[in-house]
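S.K.: dropping the sequence and predicted coords here.
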Amino acid sequence: MKLIYILFVVTIFPKFSHGQQIIFVTTLQDPVKETSGLIYLNQKLITHNDSGGEPALYEIDSISGNLIRTVFVSNATNIDWEDICYDSTYIYIADFGNNNGSRTDLKIYRLPISNYFMTDNDTVTVDTIHFNYSKQQDFTPSPFTTNYDAEALISYKDSLYIFTKNWGNHWTNIYALPKIPGTYQIEKLDSINSQGVVTGASYNSITNTILLTGYTFASPFIIEICDFSDTEFSSGSIRRYLLEPKPGSSFQIESITSVNQNQYYLTAEESVSGNAALYRLKTDNGLNLESIEEVTGHIYPNPTSNVVHVKYNDLSIVEIYDLHGTLQKASINEQIYITDLSEGVYIIIIIDTKGDRALTNKMIVK
């Protein structure tokens, strides 16, 4: 999904945290500059584009990024393909991108692996798994505030698991979905505080570990989930790490897939922050990335129409920017009146006494 306004804000504000660079492999060109999902299957690296792209899967070279093969799905459309995964029998393509929270046609396409590799004309057909979120009653478009967007999917045991992209609270909700074609209403099973929006997922069956990709207004990140009990993913050990893409390459990491016990590929979609890119990640000695310290801070109420309260132990100054990166307000107080701000989305930043940007969040004025 294209998030131009968020990425524009990021290019204005300096990075305030540090992590280890993932390994840059190559820049990705057309037709995969809008890469949004990724799998490594039978030694083939397979990706797809997101909203508005062809209903097609693309095999790319894992060194050059060059296109090797294109397989078209003849009976599918690409409304907003956001992730892809597989099990021993099928490939699953997630058409559930829902940035406005208004879609009523969420689905996952199921493609037999044998058909993908044995087709003689690079064209396949799929079955469809339809679903909706049982608790969603309001489908009024609410861009960048909905908690019913999703971009991450894994296959685990006998079910598919969706990790949502919560614009409203920067958590990720977890839903289970049968692998059998049909129409389902799904209930939230679990949730994790991702401290940002989740954009991709990979389950490593060798290590029994889940890696999620995502980003905040400041930086992309990876969340590692391991040592969990059955399907209670939040019961496991959860660690969150910053990533540092190559300068000039997009920071909008959209997908991740495991290659073996300790190697992964990731892709970043082209954006105003840089070029689309293919990356590698090695986890020989653990993730070997700098863990983000938990930030203790609170901004409330949010949304708000009159006043916003900021709680942070080491507060120096609070800055409020519009989505064009223009400073609208600055205050040293914990209580800030915002009645003079127009309705819309703003970026609120807490600067600590060291002069560092300690916390960044979205604020909605209604």
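M.R.: Noted; the coordinates are in hand.
S.K.: for the rest of this, base every contact and every neighbour count on C-alpha atoms.
M.R.: Will do.
S.K.: so, low pLDDT: which residues of the stretch 201-350 of the chain?
M.R.: 218, 284-297 (pLDDT under 70).
S.K.: okay, helices next: where are they in it?
M.R.: Shown for the stretch 201-350 of the chain, no helices are assigned by DSSP state H, counting those that start in this stretch.
S.K.: once you drop chain neighbours, what's closest to Lys362?
M.R.: Ile347 (4.8 Å; Cα to Cα, 6 or more residues apart in numbering).
S.K.: specify the local secondary structure of the nearest residue to Asp127 once chain neighbours are set aside.
M.R.: Nearest residue to Asp127, sequence neighbours excluded (Cα to Cα, 6+ apart): Arg110, at 5.0 Å. Here Arg110 takes the strand state, with states given by DSSP: H, G, I helix; E, B strand; the rest coil.
S.K.: report how many residues lie close to Arg110.
M.R.: Other residues near Arg110 number 22, with proximity taken as other Cα atoms under 10 Å.
S.K.: do the same with Asn169
M.R.: Asn169 has 18 neighbours, counted by other Cα under 10 Å.
S.K.: ok, the residue lying closest to it once chain neighbours are set aside to Asn98 distance?
M.R.: Leaving aside its chain neighbours, Asn169 sits nearest to Asn147 (7.6 Å; criterion: Cα to Cα, 6+ apart). Going from Asn147 to Asn98 by Cα to Cα, to the nearest Å gives 9 Å.
S.K.: looking at those two, which one has more neighbours?
M.R.: Asn98 (29 against 22).
S.K.: about what we covered before: what's near enough to touch the residue nearest to Asp127?
M.R.: 90-93, 126-129, 181 (Cα atoms under 8 Å, 6 or more residues apart in numbering).
S.K.: recalculate using a threshold of 7 Å.
M.R.: By Cα atoms under 7 Å, 6 or more residues apart in numbering, Arg110 lies in contact with 90-93, 126-128.
S.K.: can you check Asn306 too?
M.R.: 337-339.
S.K.: can you pick the most crowded of these?
M.R.: Neighbour max across those (other Cα under 10 Å) = Ile338, 16 neighbours.
S.K.: against Lys329, how distant is that residue?
M.R.: Counting by Cα to Cα - Ile338 and Lys329 are separated by 9 Å.
S.K.: again, but for Leu28
M.R.: Applying Cα to Cα to Leu28 and Lys329 gives a distance of 39 Å.
S.K.: does Asn132 sit in a helix, a strand or a coil?
M.R.: Quick answer, by three-state DSSP: Asn132 is strand.
S.K.: ditto for the one 10 residues further on
M.R.: Recorded secondary structure, Ser142: coil (three-state DSSP).
S.K.: any idea what sits nearest it, other than its immediate chain neighbours?
M.R.: Asn100 (4.9 Å).
S.K.: okay, now that neighbour: neighbour count?
M.R.: Using other Cα under 10 Å, the number of residues around Asn100 comes to 18.
S.K.: Three-state assignment for it, please.
M.R.: coil.
S.K.: who's in contact with it?
M.R.: Per Cα under 7 Å, 6+ apart, neighbours of Asn100: 141-144, 146.
S.K.: and the pLDDT for it?
M.R.: Asn100 is assigned a predicted lDDT (pLDDT) of 93.
S.K.: that one and Asp83, how far apart?
M.R.: In terms of Cα to Cα, Asn100 sits 18 Å off from Asp83.
S.K.: same deal with Thr216?
M.R.: Thr216 is 19 Å from Asp83, by Cα to Cα.
S.K.: between the two, who's got more neighbours?
M.R.: Asp83 (34 against 20).
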